[in-house]
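Trainee: dropping the sequence and predicted coords here.
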Amino acid sequence: MSTARISKTISEALRHVPRGRKRTAAIASSSSVRHLSSYEYPNRTEAPIITRSVAASNPIDNYDETQVKQTSYKNLDVARANHDPFDDANTLASAQRQLILEEQRRDIKTILPSSFSIATTPPSNIPPNLPTSAMITPTTQITQLTNGIRVASQETYGQVTCFGLLSNCGSRLETEQNTGVNHLMELLAFSGTPSLTSTEFQTRLESIGGVSFASSSREQFLYCIDVLRPNVKEAMALLKDVVLDPRLDNETVEEMKRVVEFQWMDIVPELVLGEGLQRGSYSPLDGEMQQLGKSHFCPLEELPKLDAEMVKQFRDENLLNPENLVVAGAGIEHEFLVDLAEEHFGHLVKTNGNSAESVVPSVYTGGSHRQMLPDPEGFTRVALAFPTGGWHSDDLVPACVLQTLLGGGSSFSAGGPGKGMYSRLYKQVLNRYYWAENCEAFTSFHNETGLLGISGSAPGAKAGDMTRVLAENMMRLAVEEVTDEELDRARNMLKNNVLTQLESRLVLFEDIGRQILTYGKREGTKEMCTKIDNVDKKMLLDLARKSVIGVKPTLVTVGENVDSVPAFEEVERWFGTL
């Protein structure tokens with residue numbers, strides 16, 4: 001927009017402003033002009049004109065404050081004269097006041113029943129808090145039952161307990177015949193039992209102060225209940241019923257299939273982008289789909305062939321093998337949890353299926369995936385990824401540090417400590433390019449492999465520019481070391497994020513269960529922080545070079561304008577110059 005056009009626009013706007021404001025704005029526009037540098041707006045062809053103004057001292061000519069107040073309060077005074085519920089005029093006699101009070105006490109019940117009264121002592125069913133002298137530093141304790149189930153817990157000394165069951169069962173174990181059954185099984189996790197409907201089950205759980213949720217991934221399945229500590233025994237019985245004897249009739253399964261359809265109607269583009277990353281990174285080998293390249297969410301075209309019998313068969317073969325189960329808890333005595341696990345799950349025996357033998361390691365291939373997806377805001381999302389080590393790799397912690405160093409997020413943020421506003425992607429991308437709506441680093445880990453990359457979103461016309469920016473930042477990691485300031489900030493921020501998350505009871509429970517499933521043990525926070533502190537600049541440079549140089553990238557695009565993104569072969573040539 002030219003300077004003349006800007007001035008004309010300002011003039012048109014000022015025509016609708018009272019004269020007092022108009023004069024002030026005009027004075028400000030002529031005296032407060034600052035030209036921004038090309039660094040602040042690198043894609044502008046000319047520097048914008050910034051105007052500043054102050055509120056007018058008398059914005060309306062001939063303004064009579066007394067007259068306005070008199071007019072505003074006139075009707076209010078009339079109303080008060082006709083209705084005076086608080087007797088502000090003091091016209092009621094004492095007898096009249098007393099009569100009104102008695103009528104109010106009779107009509108308005110202000111005395112609560114004794115069951116709601118505040119007692120001077122805590123209820124007998126709530127255990128007393130332990131004195132500080134009786135507390136010891138909590139540690140993770142692990143016990144293996146005779147049938148192979150592992151029980152792990154850590155005390156929190158709180159009045160609420162989080163516990164549940166985890167299994168090495170995920171969508172990677174699906175076959176072509178039952179694609180999507182794991183997603184459906186997650187929705188059915190707390191759908192009730194043959195004797196309790198879903199509503200009845202949830203009502204029973206809520207009556208003892210509990211809530212439940214289930215989640216699944218490509219490799220693990222999780223049941224969780226968060227409940228008041230005195231009611232753990234009853235909640236464990238409910239968990240046993242819903243895990244070992246769930247309601248899996250055809251009517252319930254069909255209802256959950258409708259839920260899957262609704263989920264696809266409202267699925268967020270970020271989930272579609274993540275699915276595309278898995279598909280592009282682990283493309284079919286020899287014409288056969290790799291396990292990590294399969295869709296985690298049930299495709300709509302696969303819904304019609306799923307039924308209750310398929311869900312039962314998948315559960316029997318993969319979910320309940322004792323050697324693949326962990327009963328975990330946070331905020332509970334370990335011996336008590338072991339006794340409950342033995343009582344409710346100690347009778348399980350190995351089934352015919354073996355999920356460990358069903359796992360076929362996936363190999364990173366790299367590739368491209370593009371998907372048209374309507375976006376109400378017109379954004380196109382791009383992700384660029386490269387391979388890194390999995391959960392058992394020595395590169396795991398350096399990859400997490402590198403992700404934290406890159407950081408990023410949304411272009412709009414309230415800021416504040418710990419928000420990553422000084423991370424590299426915030427400073428080099430979000431603060432520099434006005435069209436960058438979102439840009440952040442990500443990692444994705446599995447048992448045998450993982451991904452490290454950057455994703456971003458921008459208006460469709462700028463998706464190509466976003467792709468180049470992502471590529472530039474990935475290349476930079478492989479050709480130059482990070483600064484000491486960036487490394488120190490990333491290590492401190494990663495430790496802060498992990499330790500802060502572990503203060504949550506639910507996160508602690510999940511961390512205990514998943515580490516036992518993955519490693520057979522749980523690493524303490526001290527050891528973890530030591531590993532983070534041991535990451536240096538050379539380790540990050542070596543990791544980036546190993547992941548990027550000579551490796552086929554993965555390029556994923558989701559949005560309305562995917563054609564504006566450069567071809568995969570062109571992006572591959574960019575990295576071939578390293």
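Mentor: Nice, I can see it.

Trainee: the chain: strands as residue ranges?
Mentor: In the chain, the strands defined using DSSP state E lie at 34-35, 49-50, 141-144, 150-154, 160-167, 211-216, 221-228, 325-330, 367-372, 379-388, 408-410, 438-445, 450-459, 554-559.

Trainee: export the ones you listed to CSV and tack on mean pLDDT, mean neighbour count and distance to Phe509?
Mentor: Backbone N, C-alpha and C define where each C-beta goes, glycine included. Compiled in CSV, the strands of the chain are given as follows (pLDDT from 0 to 100; neighbours: other C-beta atoms under 10 Å; distance: least, C-beta to C-beta, whole Å):
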stretch, mean pLDDT, mean neighbour count, distance to Phe509
strand 34-35, 51, 10, 54
strand 49-50, 64, 13, 52
strand 141-144, 97, 16, 14
strand 150-154, 97, 25, 9
strand 160-167, 97, 24, 4
strand 211-216, 96, 16, 11
strand 221-228, 97, 22, 7
strand 325-330, 98, 28, 4
strand 367-372, 95, 18, 35
strand 379-388, 97, 25, 27
strand 408-410, 87, 18, 27
strand 438-445, 96, 20, 20
strand 450-459, 97, 25, 24
strand 554-559, 96, 28, 33
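
Trainee: to Leu319, which of the ones you listed lies closest?
Mentor: strand 160-167 (5.3 Å; C-beta to C-beta).

Trainee: show me where the stretch 101-250 of the chain has helices.
Mentor: Using DSSP state H, counting those that start in this stretch, the helices assigned to the stretch 101-250 of the chain run over residues 181-187, 198-207, 232-244, 250-265.

Trainee: so which of those gets nearest Gln154?
Mentor: Closest approach to Gln154 among the helices of the stretch 101-250 of the chain (C-beta to C-beta): helix 232-244, 14.7 Å.

Trainee: does anything pack onto that closest one? Which helices or strands?
Mentor: On a contact count with 3 or more C-beta pairs under 8 Å, 6 or more residues apart in numbering; DSSP states H and E, helix 232-244 meets strand 160-167, helix 198-207, strand 221-228, helix 334-345.

Trainee: hmm, back to that, mean neighbour count, the helices of the stretch 101-250 of the chain: which tops it?
Mentor: helix 181-187 (a mean of 24; mean count of other C-beta atoms under 10 Å).

Trainee: may I have it exported as PDB, CA atoms only?
Mentor: Provided in PDB are the C-alpha atoms of helix 181-187 (Å, rounded to 0.1, in the frame of the first residue of the first chain):
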ATOM      1  CA  VAL A 181      -9.900 -52.400  15.800                       C
ATOM      2  CA  ASN A 182      -7.400 -50.900  18.300                       C
ATOM      3  CA  HIS A 183      -9.100 -47.400  17.900                       C
ATOM      4  CA  LEU A 184     -12.500 -49.000  18.400                       C
ATOM      5  CA  MET A 185     -11.200 -50.900  21.500                       C
ATOM      6  CA  GLU A 186     -10.100 -47.600  23.100                       C
ATOM      7  CA  LEU A 187     -13.600 -46.200  22.700                       C
END
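
Trainee: now it: average pLDDT?
Mentor: Mean per-residue pLDDT for helix 181-187: 96.

Trainee: now do stretch 493-510
Mentor: 96.

Trainee: now do that stretch: everything it contacts.
Mentor: Under the criterion C-beta atoms under 8 Å, 6 or more residues apart in numbering, residues 154, 156, 158, 160, 162-164, 222, 224, 226, 328-331, 400-401, 404, 407, 418, 420, 511, 525, 528-529, 532-533 lie in contact with stretch 493-510.

Trainee: do that again at 6 Å, thanks
Mentor: With C-beta atoms under 6 Å, 6 or more residues apart in numbering as the test, stretch 493-510 has contacts from 162, 328, 330-331, 401, 404, 529, 532.

Trainee: what comes up buried for it?
Mentor: Going by neighbour count (16 or more other C-beta atoms under 10 Å), the buried part of stretch 493-510 is 493-495, 498, 502, 505, 508-510.

Trainee: which one of these is nearest Arg279?
Mentor: Glu510 (26.6 Å).

Trainee: so how far is Gln403 from that closest one?
Mentor: Separation of Glu510 from Gln403 (C-beta to C-beta, to the nearest Å): 20 Å.

Trainee: Trp391 now?
Mentor: According to C-beta to C-beta, Trp391 stands 15 Å off from Gln403.

Trainee: which of these two has more residues huddled nearby?
Mentor: Just comparing Trp391 and Gln403: by other C-beta atoms under 10 Å the higher neighbour count belongs to Gln403, 21 against 16.

Trainee: that older thread, how about the helices and strands packed on helix 232-244 in a markdown table, adding distance to Ile149?
Mentor: Shown next, in a markdown table, are these (distance: least, C-beta to C-beta, whole Å):
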| stretch | distance to Ile149 |
| --- | --- |
| strand 160-167 | 9 |
| helix 198-207 | 23 |
| strand 221-228 | 14 |
| helix 334-345 | 6 |
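
Trainee: ok, and the closest non-adjacent residue to Thr156?
Mentor: Distances taken as C-beta to C-beta, 6 or more residues apart in numbering put Gly331 closest to Thr156, at 4.0 Å, once the chain neighbours are dropped.

Trainee: scratch that, Trp435
Mentor: Using C-beta to C-beta, 6+ apart, the nearest residue to Trp435 is Lys462, at 4.3 Å.

Trainee: ok, that neighbour to Asn561 distance?
Mentor: Plainly put, Lys462 is 9 Å away from Asn561 if you go by C-beta to C-beta.

Trainee: next, the contact list for the residue nearest to Thr156, please.
Mentor: Residues in contact with Gly331, defined by C-beta under 6 Å, 6+ apart, are 156, 158, 161, 505.

Trainee: kindly report the same for His369.
Mentor: His369 neighbours (C-beta under 6 Å, 6+ apart): 276, 279-280, 556.

Trainee: just the buried ones from those?
Mentor: By 16+ other C-beta under 10 Å, the contacts of His369 give 276, 279-280, 556 as buried.

Trainee: of all those, which two lie farthest apart?
Mentor: Most distant of the buried ones among the contacts of His369, by C-beta to C-beta, are Arg279 and Val556, 8.2 Å apart.

Trainee: okay, and the helix or strand of the protein with the least pLDDT?
Mentor: helix 19-31 (a mean of 40; mean pLDDT, DSSP states H and E).

Trainee: with distance to Arg172 as added columns, please give the helices of the stretch 101-250 of the chain in TSV.
Mentor: Listed next are those as TSV, based on distance: least, C-beta to C-beta, whole Å:
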stretch	distance to Arg172
helix 181-187	9
helix 198-207	28
helix 232-244	21
helix 250-265	19
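
Trainee: nearest to Asn318, of the ones you listed?
Mentor: Closest of the helices of the stretch 101-250 of the chain to Asn318 is helix 181-187, at 8.6 Å (criterion: C-beta to C-beta).

Trainee: quick revisit: so Lys462 and Asn561 - more neighbours on which side?
Mentor: Taking other C-beta under 10 Å, Lys462 and Asn561 do not tie; Lys462 has more neighbours (22 against 19).

Trainee: got the confidence number for the more buried one?
Mentor: Note for Lys462: predicted pLDDT of 95.

Trainee: ends of stretch 407-425, what's the gap?
Mentor: 6 Å (C-alpha to C-alpha, to the nearest Å).

Trainee: count of residues packed around Tyr364?
Mentor: Neighbour count of Tyr364, defined by other C-beta under 10 Å: 22.

Trainee: ranges for the helices of the stretch 401-550 of the chain?
Mentor: Counting by DSSP H, counting those that start in this stretch, the helices of the stretch 401-550 of the chain are 424-425, 463-479, 484-501, 505-519, 525-533, 537-548.

Trainee: just say which of those is most tucked in.
Mentor: Of the helices of the stretch 401-550 of the chain, helix 424-425 is the most buried (mean count of other C-beta under 10 Å), at a mean of 22.

Trainee: distance between it and the chain's centre?
Mentor: Between the centre of helix 424-425 and the centre of its chain there are 21 Å (C-alpha atoms, centre = their mean, to the nearest Å).

Trainee: and that helix, what does it pack against?
Mentor: Helices and strands touching helix 424-425, as assessed by 3 or more C-beta pairs under 6 Å, 6 or more residues apart in numbering; DSSP states H and E, are absent.
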